[in-house]
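Visitor: Give me the fold of what follows.
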Amino acid sequence: MNSKSPAFTPDKLPLGTHWTLLLLLFVYTMSFTDRQIIGILMQPIKTEFGVSDTAMGLLSGLAFALFYSALGVPMARYADHANRRNFVAYCCAAWSAMTALCGMAVGFWTLALARVGVAVGEAGGTPPSLSMVADHYPPGKRGRAMSVYMLGPQLGIIFGLALGGWIAHQYGWRQAFLWMAIPGIAAALLLRFTGVEPRRGAWEASAAGPGAGSAPAAPVREPFGAVARDLWQSKAFVRVTLAGLMLGFAGYGIGVWTPSFLVRSHGLSLKDAGAAMGLLGGLAAVVGTLIAGWLSDRLARRDARWRLGVPVLGCVIALPAGLAFYAWPAGASWSLAGLQVPHAILAYLVFGITTVWWMAPVYAALSDIVPPQRRTTAMAIFNLGLTMIGGGLGPLLIGVVSDLLVPAFGQEALRWALAVAMATYVVGIAAFVAAMRPYAQQVAGNGATGRAQGARA
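Guide: Next comes the predicted model:
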């Protein structure tokens, strides 16, 4: 399918727009599946290779994040003036192949090298995809479009933890990696040959006035220093990025270590831990993501600050729910369809629904304040911090704290290490609140600029 322009009618979008969104969701789901599947495989890998929690935190976090982050920005710079559809498809094929190689590892360091390969491929996936979503949908619908795309991590949790846990339980952890590579290759082929590459800035050009819609922003090679300087001078961008760093720290760490927490502290099997986190937690996050996108679009029509107010509300609810989950005593559980489900999962369901309320609104907000020709680079810079601090340091530091707490808490050390990580939510809430006013001012300023350009046209 060839590249097409979106029809400039917000209420009637071409079928290719929605189909491409679903394909990008499929790709993102496989990205997160391949990234997070190691969370459910931590215990058997640790047992086979005889390494510490710190080493596993390094493998699942920092080793991945260093390469993912280092390559994300240069790849995004390339994608800002290239065919994003093709680029994302090629990256998806590459990381899926490396996921298969993870299942062939003969030791800790060969597994670490294969994980680095996954990181290199995934570095080129998310920022160009986010830029494509923003160019496919008008600003008033971007919250909902982003919420659909942001189902990727939640579906990835379901596949990576629930299905991955089942495969590992039945056939071993190596087979889990091998099986998960297959749908990733399929996603790459579908995107490459049936997806639609949108025109950059088409909706912004259309909103600027008559005559502008036919001339959307063309890819422009800008000096990276100029882009970085303007983003640094944007109080909204900097503060939203800080909030993302804090929430990513807790989120990545929780995603990687919670299955092990359920095994160690609540006595669940690997299969039951994967089902609890994947099916129950994943479905809760799916519901929460869709609610956040719809709510932020609806409330932002009244006041632009609600684009960031919805993430604040979600974090305020998620913080006590998360603490309750990790502090909940072990012992009591239900038996559902042959699975052991601890009572603590009630708190986790509340946490799972609300902790994702920041993701879709934040990416929609960044799309609102960053010019089209800079979006991929800006998303990559945002993801650089999110992945380096969150994906890199989150799992690693939680593993370090867990090892340090073993003399005091023994088997329960991981429980309290995860509870300590929840403190980052307080900083995230404060950063979102501080960003609300400058964000609203920048959105208003962009609108005034667009109207002036339209008048001149």
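
Visitor: in stretch 167-182, what's buried?
Guide: Neighbour-count burial for stretch 167-182 flags Ile167, Ala168, His169, Trp173, Arg174, Ala176, Phe177, Leu178, Trp179, Met180, Ala181 (criterion: 16 or more other Cβ atoms under 10 Å). Backbone N, C-alpha and C define where each C-beta goes, glycine included.

Visitor: and Val148, what pLDDT?
Guide: Note for Val148: predicted pLDDT of 92.

Visitor: Count the neighbours of it for me.
Guide: Val148: 19 surrounding residues under other Cβ atoms under 10 Å.

Visitor: what about it, helix or strand, and which?
Guide: Using DSSP states H and E, Val148 maps to helix 142-149.

Visitor: now what about whichever strand or helix holds Thr54, what contacts it?
Guide: Assigned by DSSP H and E, Thr54 belongs to helix 53-57. Applying Cβ atoms under 8 Å, 6 or more residues apart in numbering, the external contacts of helix 53-57 come out as 42, 45-46, 108, 256, 395-400, 402-403, 414.

Visitor: now, which of those sits nearest His266?
Guide: Nearest to His266, judged by Cβ to Cβ, of the contacts of helix 53-57 is Leu414 at 11.2 Å.

Visitor: can you list the weak-confidence ranges in the stretch 151-300 of the chain?
Guide: Where the stretch 151-300 of the chain drops to pLDDT under 70, the residues are 161, 204-221.

Visitor: Just give me the closest of the contacts of helix 53-57 to Ala435.
Guide: Proximity of the contacts of helix 53-57 to Ala435 (Cβ to Cβ) peaks at Leu397, which lies at 24.9 Å.

Visitor: And the closest one, how far from Pro153?
Guide: 21 Å (Cβ to Cβ, to the nearest Å).

Visitor: more crowded one of those two?
Guide: It is Pro153, of Leu397 and Pro153, that has more neighbours when counted by other Cβ under 10 Å, with 25 against 20.

Visitor: Skip ahead from the helix or strand where the more buried one lies and say which helix or strand is next.
Guide: Secondary structure from DSSP H and E places Pro153 in helix 151-157. Sequence order places helix 164-171 as the next helix or strand after helix 151-157, per DSSP H and E.

Visitor: picking that back up, of the buried residues of stretch 167-182, which pair is most distant in space?
Guide: With Cβ to Cβ as the measure, no two of those lie farther apart than His169 and Ala181, at 19.0 Å.

Visitor: coming back round to it: just the CA coordinates of the helix holding Thr54, formatted as CSV?
Guide: Backbone C-alpha positions of helix 53-57 (Å, rounded to 0.1, in the frame of the first residue of the first chain) are rendered in CSV as follows:
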residue,chain,number,x,y,z
ASP,A,53,19.5,-10.3,41.7
THR,A,54,21.9,-7.4,40.9
ALA,A,55,23.2,-9.3,37.8
MET,A,56,19.6,-10.0,36.7
GLY,A,57,18.7,-6.4,37.2
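
Visitor: The closest residue in space to Ile167 that isn't next to it in sequence and Thr33: what is the separation?
Guide: Take Ile167 and drop its neighbours on the chain: the residue closest to it by Cβ to Cβ, 6 or more residues apart in numbering is Ala176, 4.3 Å away. Relative to Thr33, Ala176 is positioned 10 Å away (Cβ to Cβ).

Visitor: what do those two both touch?
Guide: Shared contacts of Ala176 and Thr33 (Cβ under 8 Å, 6+ apart): Gly164.

Visitor: so what's Leu283 up against?
Guide: Counting by Cβ under 8 Å, 6+ apart, Leu283 touches Gln154, Ile158.

Visitor: can you start the count at 21 instead of 1 from here on
Guide: Okay, residue one is now 21; in that scheme the one you just asked about reads as Leu303.

Visitor: what helix or strand is it on?
Guide: In the assignment (DSSP H and E), Leu303 maps to helix 302-320.

Visitor: now do Trp354
Guide: Using DSSP H and E, Trp354 maps to strand 353-356.

Visitor: what helices or strands is the helix or strand harbouring Ala384 leaning on?
Guide: Using DSSP H and E, Ala384 maps to helix 379-389. Contacts defined by 3 or more Cβ pairs under 8 Å, 6 or more residues apart in numbering; DSSP states H and E place helix 379-389 against helix 146-156, helix 162-169, helix 255-286, helix 302-320, helix 326-347, helix 395-405, helix 444-476.

Visitor: which element is Ala109 on?
Guide: Per DSSP H and E: Ala109 is located in helix 104-122.

Visitor: Mind listing what's buried along that helix?
Guide: Within helix 104-122, the residues scored as buried using 16+ other Cβ under 10 Å are 104-109, 111-122.

Visitor: and the angle from it to helix 395-405?
Guide: Angle, helix 104-122 to helix 395-405, by axes from the mean of the first three to the mean of the last three Cα atoms, to 10 degrees: 30 degrees.

Visitor: what's the following helix or strand after helix 104-122?
Guide: Assigned by DSSP H and E, the successor of helix 104-122 is helix 128-142.

Visitor: what's the offset of that next one from the middle of its chain?
Guide: The chain centroid and the centroid of helix 128-142 are separated by 19 Å, computed with Cα atoms, centre = their mean, to the nearest Å.

Visitor: Repeat that for stretch 287-294.
Guide: 24 Å.

Visitor: Same question for stretch 177-189.
Guide: Worked out by Cα atoms, centre = their mean, stretch 177-189 lies 19 Å from the chain centre.

Visitor: try stretch 248-262
Guide: Distance, centroid of stretch 248-262 to centroid of chain: 20 Å (Cα atoms, centre = their mean).

Visitor: residues in contact with that stretch?
Guide: With Cβ under 8 Å, 6+ apart as the contact definition, stretch 248-262 has outside contacts at 328, 382, 385-386, 389-390, 394, 398, 401-402, 405-406, 447-448, 451-452, 454-455, 458-459, 461-462.

Visitor: Next one: the most centrally placed residue in the chain from Ala305, what distance?
Guide: For the chain, the residue nearest the mean C-alpha position is Pro173 (5.6 Å; Cα atoms, centre = their mean). Taking Cβ to Cβ as the measure, Pro173 falls 7 Å from Ala305.

Visitor: Next: Trp354.
Guide: With distances taken as Cβ to Cβ, Trp354 is found 21 Å from Ala305.

Visitor: Nice, that's everything, thank you.
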